[in-house]
Structures are given as structure tokens and as C-alpha cells.
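Colleague: fold the following.
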Amino acid sequence: MGEYELLARLGQVEIEEAGEMYRSFLRGAVREYVCRVIAAEVETLCGAPYHPDPSKGCCRAGSAPGSVLFEGRREEVKRPRVRKLKADGGSEEVPLLSYAAAREPSELRAILLRALCGGVSTREQKSVHPEIPSASKSSVSRLWVREGALIFQAFRERDIKRDDWLVLMLDGVRLANEFCAVVALGVAEDGTKHMLDFEIGASESGEVSTALTARLAERGFAPKEGCRLFCVFDGSKSLRKAAKKIWPDAVFQRCLVHKERNLRQYLSKKDWSELSLLMNRLRKVQGADDGRKSLAELRSFVGKKNAEALASLDEAGEELIALHLLKVPNTLHKNLLSTNIIENSIRNIRLKTGRVSRWRKETD
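Modeller: As a prediction, this is how the structure comes out:
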């Protein structure tokens with residue numbers, strides 16, 4: 001029989017009061033324990049109390065009111081302050097890691113970040129997680145600035161070396177009128193798809209494209225030994241040039257979705273349905289002979305309608321049927337004749353970024 005249960009049976013206190021007494025005791029114990037851990041960190045940085053160690057380069061600087069989190073409630077504590085001495089005689093405050101961890105536990109940060117990545121706006125975080133004190137709009141915004149930078153850094157620095165890369169997809173995604181992201185996605189021999197990297201710029205310029213492909217190569221992306229890289233791209237000349245500079249023997253396939261959109265700009269709406277039928281036929285046929293035959297039919301149709309449309313089609317040439325020329329099964333056409341794999345990923349991201357009305361480089 002527990003002590004509080006015995007007291008309740010004796011009629012000295014009610015069960016609810018006993019529970020509150022126990023919770024109050026726990027809060028006090030946790031507060032004391034946290035203060036001890038913080039004091040131990042201060043001693044490590046500065047030396048024992050009243051016996052400072054000059055070799056450590058830090059000194060105590062009094063204290064300030066603070067708080068730690070326990071069971072979703074803020075508990076007031078006295079926060080010690082430590083300053084690091086500089087060579088020029090000045091000093092700067094040193095953030096205490098133990099205090100930061102107690103003030104905002106990592107599991108709470110993870111909850112807020114998951115909700116934010118799931119589409120919950122900073123304004124709505126408080127209504128979704130009312131029990132978390134640090135769920136205010138400004139707190140969540142600061143959290144994302146800090147943690148988001150670490151997430152992107154980890155994404156762009158992770159190891160992408162594999163010995164079975166076969167496909168590289170490159171596509172530019174317009175975020176705003178003056179803001180573009182060039183995205184790279186890789187497909188391995190086992191069929192798995194991996195978002196590799198991205199580069200931000202004003203457009204799909206040569207500088208932006210070269211920076212992306214060069215960084216991919218530096219991080220270890222390369223086709224399987226003995227194989228040529230199959231590169232699917234949106235038709236940008238700068239992307240093609242940048243990829244060819246790194247992988248000169250790559251096979252380049254134009255995205256048929258992008259080419260169809262481009263042709264529609266030159267044709268009347270009444271011709272769009274016929275254009276779609278011919279493009280779908282091109283997607284479904286198998287082999288080099290049928291691919292060239294379907295491309296010739298498409299060229300004949302476009303040539304009768306608009307000279308600029310024909311010039312646009314001829315500019316792409318047999319890069320529209322590069323996959324057909326490899327004589328692979330047409331079951332691969334669905335995924336490898338367009339950059340839709342990237343488009344689908346970006347479509348999911350747009351659900352989260354749709355509320356952003358102003359993109360600025362200076363705010364990263």
C-alpha cells in the first residue's frame with residue numbers, strides 16, 4: 001500500500017489532493033535536478049564555484065530569470081550566465097546546452113516540425129498543439145529557420161554514391177517570377193527513385209545548371225560502371241550542356257510533356273486533341289522503327305499547322321525518341337519519357353509553399 005493511498009484511507013487527504021501533492025513534489029525534484037545539471041555544465045566551463053579556472057577561458061556572469069518545461073508546463077528557474085573572454089578584452093555570452101535542452105526538449109521540436117512539414121501553418125500550430133508552450137507563430141518560425149537550415153544541409157551533404165545509377169532527371173521549377181529551382185533526381189538499377197539535389201537561381205541559366213551538375217559529380221553521382229547515363233531533361237539547352245560536360249557520353253531524352261506544352265503554344269485549341277493523340281501514340285510505340293514512324297506522323301501534322309511549331313519540333317529531333325532508339329520495352333516509357341517523377345514531387349511541395357507570396361534570396 002502506497003503512502004498517499006494510506007493517507008487517503010485514513011481520511012487525512014483526498015485522492016485528488018494526494019495526486020497533486022505528488023505532482024508538485026515531482027516538479028520540484030525535476031527543477032532541482034535540472035539546476036544541478038546546469039550547474040555542472042557551468043562548472044565545466046568556468047571551474048569550481050569561488051575557484052575560477054582562467055585556463056578555461058570562461059567566467060560566471062551572474063544569473064537571470066529562466067524557465068524549463070515539465071509535463072507541458074513552464075517551471076521557473078534561475079538561469080546561470082556564462083561569458084567567454086575574448087583576446088581583445090571583451091566577452092560574449094555562452095549559451096548553455098543543458099538549459100536549452102530543458103527549455104525546449106527535442107521531442108517537442110520534432111512534433112512542431114512534423115506538423116509544419118505536413119502543411120500546418122505557423123499560425124495554426126497553437127490550435128493543433130495547445131499543450132506546447134513554444135507553439136506560438138513567432139516561436140515556430142524561429143524554429144524552422146534554425147532547424148530547416150540543418151535539414152537542408154543534411155540533405156545536400158548526405159552520401160549519394162552508388163554503383164548502380166542509371167537515370168538522371170533534370171527539371172526547372174518556377175517558384176516565383178524571379179525565382180527558379182533546378183532539381184535533380186536519380187533512378188537506380190533496382191528502380192528506386194532518389195531526390196538528389198537542387199540549385200536556386202533566377203532562371204535555368206548555364207551558371208545554375210553547371211553548379212548543380214558539378215556538385216552532383218563531386219558528391220559521387222556517376223552511372224553504373226560500363227553503362228552510359230540516361231538523362232531525361234525538360235529541354236533547357238543550359239541543362240543539356242551542363243550535363244554533357246560532366247557525362248559526355250550520356251543519352252539525352254527530351255521530356256514529352258514539356259514538348260507537348262510547348263507545341264500547344266503555337267497551335268489552335270481545336271488542334272490540341274489531335275496533338276495529344278499523336279503524342280500518346282509516340283509514348284506507346286516500341287522500338288526505333290515505330291518511334292521514327294510516329295515522330296514522322298507528328299512532324300507531318302505539326303508542319304501543316306504552324307511553321308514555328310515545326311521548328312520547335314525539329315529542334316528537339318531524335319532526342320524525343322532517344323528511349324525508343326535504345327530498344328527497351330515500352331513498359332519503361334511511362335516513367336522515362338518525361339520528368340513527371342520530379343513534377344509529382346514538386347506538386348506535393350507546392351501544397352505547402354502555396355501560401356508563400358514573396359520569395360527573397362536574402363532570407364534564404
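
Colleague: make it CA atoms for all contacts and neighbour counts henceforth
Modeller: Will do.

Colleague: quick one: low-confidence parts of the stretch 101-250 of the chain?
Modeller: 101-109, 111-113, 118-119, 128-135 (pLDDT under 70).

Colleague: ah, wrong one, I meant the stretch 251-364 of the chain
Modeller: 352, 354-355, 360-364.

Colleague: rerun at 90
Modeller: 254-276, 278-280, 282-291, 294-295, 298-364 (pLDDT under 90).

Colleague: can you pull out the helices in it?
Modeller: Secondary structure of the stretch 251-364 of the chain (DSSP state H, counting those that start in this stretch): helices located at 256-264, 272-284, 288-305, 307-316, 322-325, 333-336, 340-353.

Colleague: what of the stretch 101-250 of the chain?
Modeller: 106-117, 125-128, 137-157, 206-218, 237-246.

Colleague: centre of the chain to the third one, how far?
Modeller: Spelled out, that is helix 137-157. Put simply, helix 137-157 sits 10 Å off its chain's centre (Cα atoms, centre = their mean, to the nearest Å).

Colleague: list the buried residues of that helix.
Modeller: 140-141, 143-144, 156 (16 or more other Cα atoms under 10 Å).

Colleague: what angle do that helix and helix 206-218 make?
Modeller: 60 degrees (axes from the mean of the first three to the mean of the last three Cα atoms, to 10 degrees).

Colleague: for helix 137-157, name the packing helices and strands.
Modeller: Secondary-structure packing of helix 137-157 (3 or more Cα pairs under 8 Å, 6 or more residues apart in numbering; DSSP states H and E): helix 106-117, helix 125-128, strand 193-201.

Colleague: between the helices of the stretch 251-364 of the chain, which one is closest to Arg219.
Modeller: Set against Arg219 and scored by Cα to Cα, these come closest in helix 340-353, at 20.2 Å.

Colleague: count the residues that sit near Gly291.
Modeller: Residues near Gly291, counting by other Cα atoms under 10 Å, number 23.

Colleague: next up, the contacts around it.
Modeller: Counting by Cα atoms under 8 Å, 6 or more residues apart in numbering, Gly291 touches 282, 285, 321, 324-325.

Colleague: buried sites along stretch 229-247?
Modeller: Across stretch 229-247, burial judged by 16+ other Cα under 10 Å covers 229-236, 238-240, 242-244, 247.

Colleague: if we can go back for a sec, format the helices of the stretch 101-250 of the chain as TSV; extra columns: distance to Gly47.
Modeller: Formatted as TSV, the helices of the stretch 101-250 of the chain follow (distance: least, Cα to Cα, whole Å):
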stretch	distance to Gly47
helix 106-117	28
helix 125-128	41
helix 137-157	31
helix 206-218	45
helix 237-246	55
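
Colleague: out of those helices, nearest to Lys224?
Modeller: Per Cα to Cα, nearest to Lys224 of those: helix 206-218, 13.3 Å.

Colleague: how far away is Glu147 from Ala110?
Modeller: For Glu147, the distance to Ala110 (Cα to Cα, to the nearest Å) stands at 10 Å.

Colleague: next one: Ala307
Modeller: Between Ala307 and Ala110 the computed distance is 56 Å (Cα to Cα).

Colleague: ok so, going back, go through the buried residues of stretch 229-247 and name the one nearest Val167.
Modeller: Nearest member of the buried residues of stretch 229-247 to Val167, counting by Cα to Cα, is Phe230, at 4.8 Å.

Colleague: my read: that closest one touches Trp165, true?
Modeller: No - counting by Cα atoms under 8 Å, Phe230 stays clear of Trp165, with 9.4 Å between them.

Colleague: and Val37, what does it touch?
Modeller: Here Val37 is in contact with Ser98 (Cα under 8 Å, 6+ apart).

Colleague: ok, it to Pro80 distance?
Modeller: In this view, Val37 and Pro80 are 11 Å apart by Cα to Cα.

Colleague: joint contacts of these two?
Modeller: In contact with both Val37 and Pro80: no residue, using Cα under 8 Å, 6+ apart.

Colleague: what's around Tyr50, how many residues?
Modeller: Every residue meeting other Cα under 10 Å relative to Tyr50 is counted, giving 7.

Colleague: confidence score at it?
Modeller: What the model reports as pLDDT for Tyr50 is 83.

Colleague: now it: how far from Arg60?
Modeller: Computed as Cα to Cα, the Tyr50 to Arg60 distance reads 10 Å.

Colleague: mind checking how far the residue nearest the centre of the chain is from Arg162?
Modeller: Centroid-nearest residue in the chain: Phe152, 5.6 Å away (criterion: Cα atoms, centre = their mean). Applying Cα to Cα, the value for Phe152 to Arg162 is 21 Å.

Colleague: does Arg281 touch Arg292 like I think?
Modeller: No - in this structure, Arg281 is not within contact of Arg292 by Cα under 8 Å, at 11.6 Å.

Colleague: need the contact list for the nearest residue to Ser312 once chain neighbours are set aside.
Modeller: Leaving aside its sequence neighbours, Ser312 sits nearest to Leu263 (Cα to Cα, 6 or more residues apart in numbering; 7.3 Å). Leu263 is in contact with 309, 312-313, counting by Cα under 8 Å, 6+ apart.

Colleague: let's see that with 10 Å instead.
Modeller: Contacts for Leu263 (Cα atoms under 10 Å, 6 or more residues apart in numbering) come out as 272, 275, 302, 306, 308-313.

Colleague: show me how to select, in ChimeraX, the buried members of these.
Modeller: Listed next is the ChimeraX selection for buried residues among the contacts of Leu263, using 16+ other Cα under 10 Å:
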select :272,275,302,309,310,313
